[in-house]
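Asks: predicted model and sequence below, questions to follow.
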Amino acid sequence: MARYVLRLCEDRCAPGVRTDPLPPCPRVLYVREGHITLTSGGNKQEIETNQAWFGTEDCTYAGGLGGATVLRYELVPEPAPPAAAGDRLEEAATRLLLAQPVELDPAQAWLIRCDRVDFAPGAVALPHGHRGGGIRCLIAGELRVQVGEQPARVMRPGDAWYESGREPVRADASPTEPTSFIRVAILPAEIRGQSSIWYVDPAAARVTPRQYTVFVDEPIALP
């Protein structure tokens, strides 16, 4: 087994301000607000609100006319290199939301998946786990999350948490408003295009209180 760090940063880019070059690694950028112009491998593309990009080469990006807020997920070797996207914090501010050590077998094939999970008001995800670990970040509503035997936590927009996939998790959404989070997970490559979820009570699989939008589901080489 080899040790890595899966981390999530929030980058706030002022209009037209370009980040410093970000070094190669498996990386997902989710545009939470605004839009960005991204350059990687000599190619340039626009990424709008509620869109995600995946790449492994070095990249840089700039905020659009109204600036941008970007959730930046990266898988890097341990010890993790610096996470900042820019030196001038007033123009390209980086906030590390979560850095989680993970152990991965280099002999196994892996993929990185980014998806959005949407709950209707009052929806409940009954105790369940996943085939791999990942970081979630709440972007709307409120979510009460209990991981294994740990005390339940109430997540609000901007809060991030890690689930290993091994411990059962129960999640209760806000009773009054829609609730959503963005998730990036490292999963066995063999389940590409398939659900990663398992339930403590198999009958719970017939209850689907949430919707999934998959943005990225790509094989990766470990850095």
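Replies: In hand now; what should we look at? Since the structure is predicted, the reported quantities are computational estimates derived from the model, not experimental observations.
Asks: which residues does Val184 bridge with?
Replies: When assigned by DSSP bridges, Val184 has beta-bridge partners Cys114, Ile135.
Asks: where does this structure have low pLDDT?
Replies: Of all residues in the chain, those with pLDDT under 70 make up the ranges 84-92, 208.
Asks: how is it divided into domains?
Replies: Partitioning the chain according to automatic domain parsing yields domains covering residues 2-104, 110-220.
Asks: in three-state terms, label Ala205 for me.
Replies: helix (DSSP: H, G, I helix; E, B strand; the rest coil).
Asks: and Asn43, how many neighbours does it have?
Replies: By the criterion of other C-beta atoms under 10 Å, Asn43 has 10 neighbours. Placement of C-beta: from N, CA and C, glycine included.
Asks: and it, how far from Cys114?
Replies: Using C-beta to C-beta, to the nearest Å, we find Asn43 at a distance of 19 Å from Cys114.
Asks: what's the answer for Cys59, then?
Replies: With distances defined as C-beta to C-beta, the gap from Cys59 to Cys114 amounts to 16 Å.
Asks: who's more crowded, these two?
Replies: Looking at Cys59 and Cys114 with other C-beta under 10 Å, you find the greater number of neighbours at Cys114, namely 23 against 19.
Asks: which of the helices or strands spans Thr39?
Replies: When secondary structure is defined using DSSP states H and E, the element that contains Thr39 is strand 27-40.
Asks: so what strands line up beside that strand?
Replies: Strand partners for strand 27-40, identified by DSSP bridges, are recorded as strand 43-47 (antiparallel), strand 52-55 (antiparallel), strand 59-77 (antiparallel).
Asks: quick one: the second one to chain centroid distance?
Replies: I take that to be strand 52-55. Using C-alpha atoms, centre = their mean, to the nearest Å, we find the averaged C-alpha position of strand 52-55 to lie 11 Å away from the chain's own average C-alpha position.
Asks: coming back round to it: buried stuff in the strand holding Thr39?
Replies: Within strand 27-40, the residues that qualify as buried by neighbour count (16 or more other C-beta atoms under 10 Å) are 27-32, 34-38, 40.
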